[in-house]
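Peer 1: quick one: sequence and predicted model below, then my questions.
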Amino acid sequence: MTQMFFLHLLGGSEMMLLVAMAVDRYIVICKPLHYKNIMSNHVCTGLALLSWNTGFVHTMSQMVFTVTLPFCGPNVVNSFFCDLPRVIKLACTETYILELLVIADSGLLSLFCFIILFISYSIILITVQHRSSRGSSKALSTLSAHITVVVLFFGPCIFIYVWPFSSIFIDKILSVFYTILPPF
């Protein structure tokens, strides 16, 4: 339960931090003269607190239902990721509604973040296309590093929840992509 709590706390927070970084990149590239006024210390602190609060609400909305489930029989999850969908299946009661809630909660948060990121990057790319080539190359180099992190974060996240079967080898590879590469 502790592993799942921190996985969803940090995962939800990281998704919102990626959105905050995208907003920052949008302002620095599209409104460079107004950057200091818009991205004050107060705004940056607010974005960081928003990301941590989102992660906390996300994890608590799922964990509050999971810890109250009655578990009986084997309690071994044969997976490197001990995540909610696999743990819920160990419960001795009907969990279909809870499984839908978990997938919907994680899915909506991921979809919201992905849409905001996509819109932000689209606006940035359109703005960069209309600017000079010297400024464009600097903006694109900054943006490419951030897009790489987004792909390395969301790619394994999609595979973890959509992959039809589990394998310890695949779980280990996904865990490296999910937990080690994006922070680098």
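Peer 2: That came through fine. The shown structure was predicted, so the numbers you read here are calculated from the model rather than taken from an experiment. Numbers count the residues shown, from 1 in each chain.
Peer 1: which residues in the protein form helices?
Peer 2: Along the chain, the stretches classed as helices by DSSP state H are 2-30, 35-38, 41-66, 84-88, 96-129, 133-162, 168-179.
Peer 1: can you pull out the low-pLDDT segments for this protein?
Peer 2: When residues are selected by pLDDT under 70, those of the chain lie in 78-82, 132-135, 160-168, 171, 174-175, 177-179, 181-183.
Peer 1: 50 - rerun?
Peer 2: Residue ranges of the chain with pLDDT under 50: none are present.
Peer 1: quick one: which of the helices of the chain is nearest Gly73?
Peer 2: Evaluated over those, closeness to Gly73 peaks at helix 84-88, with 13.0 Å, by CB to CB. Any C-beta I mention is one placed from the backbone N, CA and C, and that applies to glycine too.
Peer 1: so Gly155 versus Thr148, what's the distance?
Peer 2: 10 Å (CB to CB, to the nearest Å).
Peer 1: so those two - more neighbours on which side?
Peer 2: Taking neighbours as other CB atoms under 10 Å, Gly155 and Thr148 compare with Gly155 leading, 15 against 12.
Peer 1: circling back: possible to save the helices of the chain as JSON lines with distance to Val76?
Peer 2: Supplementary listing: the helices of the chain in JSON lines, determined by distance: least, CB to CB, whole Å:
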{"stretch": "helix 2-30", "distance to Val76": "14"}
{"stretch": "helix 35-38", "distance to Val76": "51"}
{"stretch": "helix 41-66", "distance to Val76": "17"}
{"stretch": "helix 84-88", "distance to Val76": "10"}
{"stretch": "helix 96-129", "distance to Val76": "19"}
{"stretch": "helix 133-162", "distance to Val76": "19"}
{"stretch": "helix 168-179", "distance to Val76": "13"}
